[in-house]
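> Pasting the sequence and the predicted model now:
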Amino acid sequence: MMRSLSLIWHPTVLMTAVACGLVMAGFLLVLTATQPQLEANVWGGLPVAVAVGFVFGVVNYVLSYRRMDALLSEYTAVLGRVAAGNLTERLPAPSLSVSTREGRTLHALVDATNHMLDKLQTLVKDFHAALQRLEADTQAILAATQRQINMANEQDAVVTETTATVNEVRATVTETAERAQTVAEVAQLSVNISRAGIDAVSETIEGMDIIRRKVEDIADNILVLSEHTQQIGEIIAAVNALADQSRMLALNASVEAARAGEEGKGFAVVALEVRNLADQNRDATVQVREILSEIQRATNMAVMVTEEGSKGVDSGQVLVNKAGDAIRELAKAIEDAALAAMQIAASTRQQTIGMDQLTGAMRTIKHVTTETVSSTMQVEASVQRLRDAAARVSTLLGDLTF
Amino acid sequence: MLELDWLRDYLETDDSTRQERALAARLQERARAYAALPPPELPESIERLPVVTFTLGSDRYALDVRVVRGVRPLERLTRVPAVPPFYQGVVNVRGRMTTVFELRAFLDLPIDDSTPPQELLLAEANGLLLAMRTHHVDDVLFLPKPEINPFHAPYTLGITPERIVLLDHETLFSDERLIVERSSS
């Protein structure tokens, strides 16, 4: 009832009551004008009309606006929950018939609002999904950058190591070049020496020829000497025979002297002297024969020695020729070695240049790697900031239900 | 084969050294000869036997000079078939065919010569001329008779202190075997 009384102050009720009073006042004016007899009693109907107007207004309100009012309250509550974060809330369909104007308006309102809410929910869902993807992607990027930094560091270490190795190799190559140079010089020296050796061998061969001719001359001379000693031997044999005959004669003379006795004594002395002479002669020939045989022995030995010398010279010549061939081959081998050593020296110099280029390239790689590391670290920081922003958005989205 | 030691010695010593050595050897020999004791002087009055000494094989023999007819080398020996071994053949001595006689074969002594005897000692006794083969006719000596040791054996008169066998030409040149040969020749 109290609520009904408060409804009097509802604009609708007031306006209805005012309208009813106005309509009654108008009617009464018209009535008094046409029928002056009724003048006194007629104005009493005006408060009644107002009261009727109030009643009519309250009834009208109760019948038409009260339901709409309740509906709007419900909608307000729903939208309040939406504003609080529950995006799943939707406005219920109004119980008003669409035949009325209000009903149509309310239905349109509910449909539009619900559509808007649908769109909002979809948007937030998509946004959430995008954030999640962003989270995963940035995580992957961070891992990738971390890996990249690690790899870059590793690469830096490897490059440093490689540079050190290249420097060592370069040192070795330089040493090799120096040694090859030394070898080439020594080989050149050896080539000169072996040429001198070849000359010496040629001279030796000539000397051998001279020796051979001399030995042959010696052999010829010794042959002549041998013939002469042969002749001397014959002469000595003749002298010996003469001495023998002299001795025989002397012996015969001695015999005759002895047979003659005293008379032959003087003759015996002569015969003895003759025999002594013959004996001396014989002794002399014996000595000469001994000397001669010694000479012959020596001559024979000399012949043999000369033959051996000749053979020795022959084999010496063969050996010297062989030695000459060997030295020539040796000289050729040494020249080849010298050439090879010089080629080695040249190629090692080229290798040194290549090593220098390699060292430069390594330095560049190292620089690039350092750059890459710093860039990657910047990328990492940016990504981290991006992730922070995304996390803040996610926190905001966390208050929502969708 | 080469006598290497000799050759080395020969090559290592020069001519002057060799001559010095030979001279030293000769002087040594001569000194030894001078140092030898001279044979004891015998009084002139002692009776001496003149003989011709000769070497045959390793022995020395002596033959009375009165039977010796000369000395000559053995040349152009003509061998005679079917005769005893001591009968070696014949040679021509001044136009006379002379028997060449090997004393050792006759005396049954061993013959082991490195060189054959090439000197002939002509001796004649009992009308028999023999050319005795000797290695060397040494000398004509006058043997002091007291020094000859009598040695009673066939064909031997005695032996001197120098171990010279003094042949007995009487028995030797009158031996039957030789006479038979002579009669047959």
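Perfect, thanks for sending it.
> okay, and for chain A, where does confidence drop off?
The model of chain A has pLDDT under 70 over residues A:1-7, A:38-42.
> Which stretches in it count as helices?
A:2-6, A:11-34, A:39-42, A:45-84, A:101-260, A:265-398 (DSSP state H).
> A:Arg349 touches A:Ala180, doesn't it?
No - counting by C-beta atoms under 8 Å, A:Arg349 does not reach A:Ala180; the two are 9.4 Å apart. Where you see a C-beta, it was placed from the backbone N, CA and C, and this is true even at glycine.
> and those two? which has more neighbours close in?
Shown here are A:Arg349 and A:Ala180; by other C-beta atoms under 10 Å in any protein chain shown, A:Ala180 has more neighbours (20 against 15).
> And the more buried one, how close does it get to chain B?
56 Å (C-beta to the nearest C-beta, to the nearest Å).
> For the top helix by length along chain B, what does the pLDDT average out to?
In chain B, assigned by DSSP H, the helix with the most residues is helix B:15-35. On average, the pLDDT along helix B:15-35 is 85.
> what residues does it touch?
Outside helix B:15-35, the residues that touch it by C-beta atoms under 8 Å, 6 or more residues apart in numbering or on different chains are B:Thr13.
> now that helix against helix A:265-398, angle please.
140 degrees (axes from the mean of the first three to the mean of the last three C-alpha atoms, to 10 degrees).
> ok, back up a step: among the helices of chain A, which is nearest B:Leu178?
Proximity to B:Leu178 (C-beta to C-beta) singles out helix A:101-260 among the helices of chain A, at 21.8 Å.
> Give the other helices and strands that that closest one contacts.
helix A:45-84, helix A:265-398, strand B:48-56, strand B:68-73, strand B:136-144 (3 or more C-beta pairs under 8 Å, 6 or more residues apart in numbering or on different chains; DSSP states H and E).
> Any chance of these in a markdown table with distance to A:Asp126 as columns?
Shown next, in a markdown table, are the helices and strands packed on helix A:101-260 (distance: least, C-beta to C-beta, whole Å):
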| stretch | distance to A:Asp126 |
| --- | --- |
| helix A:45-84 | 18 |
| helix A:265-398 | 11 |
| strand B:48-56 | 162 |
| strand B:68-73 | 164 |
| strand B:136-144 | 162 |
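> Spell out which parts of chain B neighbour chain A.
B:2, B:6-7, B:10, B:50, B:52, B:65-66, B:68, B:70-73, B:119, B:137, B:139-140, B:142 (C-beta under 8 Å from any C-beta of the partner chain).
> let's see 7 Å
B:2, B:7, B:10, B:50, B:52, B:65-66, B:68, B:70-73, B:137, B:140 (C-beta under 7 Å from any C-beta of the partner chain).
> Make a markdown table out of those and add neighbour count, distance to A:Val269 and pLDDT.
Shown next, in a markdown table, are those (neighbours: other C-beta atoms under 10 Å in any protein chain shown; distance: C-beta to C-beta, whole Å; pLDDT from 0 to 100):
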| residue | neighbour count | distance to A:Val269 | pLDDT |
| --- | --- | --- | --- |
| B:Leu2 | 12 | 51 | 51 |
| B:Leu7 | 16 | 49 | 69 |
| B:Tyr10 | 16 | 44 | 71 |
| B:Pro50 | 21 | 14 | 90 |
| B:Val52 | 26 | 17 | 93 |
| B:Val65 | 22 | 16 | 90 |
| B:Arg66 | 16 | 20 | 90 |
| B:Val68 | 28 | 19 | 92 |
| B:Gly70 | 21 | 19 | 90 |
| B:Val71 | 23 | 18 | 90 |
| B:Arg72 | 21 | 23 | 88 |
| B:Pro73 | 14 | 25 | 88 |
| B:Val137 | 26 | 19 | 90 |
| B:Val140 | 26 | 12 | 88 |
